[in-house]
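In: Fold the stuff below for me.
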Amino acid sequence: MEIHTIPLGPLQTNCYLICTATTAVCIDPGGAPNPVIAILLSEKLALSHILLTHLHFDHTYGVRALAHITGAPVYASAADRPLTQTVHGRGGMWGLPEVEPFDFKPMPLGDYSLLDTTCRVLATPGHTPGGLSYYFPVEEAIFTGDSLFRRSIGRTDFPGGSTTQLKNAIQTQLFPLPGDTRVYSGHGEPTTIGEERLHNPMFDDFSL
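Out: Below you'll find the predicted structure:
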């Protein structure tokens, strides 16, 4: 698989386009999806899924347009649906525009076949009530949204946030993964699970 990192939207949220020779999956299109469409067209790829790690506005600005253009279904956690009725989910704060409404299907936890490989959907709440991470074991890659960052974790001071819940999710769902697993976050540079176990200052007392 090939992974394209495409910063989109007013907060330059990392959108990821994960591609095989013929098919792609998009994670968190947080702005006008023109660069995503350009890659799909140039590489002659069909978009099979739009996956959302959570429903904060900076991760969803481009969802409606991308779904309309490609016909790809959208998946997110049902636990985050209430956020669409808040400024943190629908936008409109800090002078930014509101998100164009879109429909999505609830994303259950567990293993699925995507891009001819396994994708494991993990619950990583705490930044939002329904935060999800998408783990591709064969590719040794996980997409964590705003749950785990390089040397940091997501904010928990927004409605529905919980530092205790987020740290517990990272310790029980993410840190047990193989150390070489690459972590692709919603903002900033990639890291690895092993690096964050050792060096993330939020987990100085962590041990497997």
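In: And the pLDDT at Ser207?
Out: Here the pLDDT value assigned to Ser207 is 59.
In: So for Leu114, what's the nearest residue that isn't a sequence neighbour?
Out: Using C-beta to C-beta, 6 or more residues apart in numbering and skipping the chain neighbours, the partner closest in space to Leu114 is Val25 (5.7 Å). To be clear about C-beta, it is placed using only N, CA and C from the backbone, and glycine gets the same treatment.
In: Check which helices and strands whichever strand or helix holds the one you found sits against.
Out: Here Val25 sits within strand 23-27, counting by DSSP states H and E. The contact analysis (3 or more C-beta pairs under 8 Å, 6 or more residues apart in numbering; DSSP states H and E) places strand 23-27 against strand 13-19, helix 34-42, strand 46-51.
In: quick one: stretch 10-24 to chain centroid distance?
Out: Here the centre of stretch 10-24 is set off from its chain's centre by 10 Å, with C-alpha atoms, centre = their mean, to the nearest Å.
In: ok, back up a step: could you export the strand holding Val25 as PDB, CA atoms only?
Out: What follows is strand 23-27, C-alpha atoms only, in PDB (Å, rounded to 0.1, in the frame of the first residue of the first chain):
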ATOM      1  CA  THR A  23      -8.500   1.200  -4.900                       C
ATOM      2  CA  ALA A  24      -8.100   3.700  -2.100                       C
ATOM      3  CA  VAL A  25      -9.500   4.600   1.300                       C
ATOM      4  CA  CYS A  26      -9.500   8.200   2.600                       C
ATOM      5  CA  ILE A  27      -9.200   9.000   6.300                       C
END
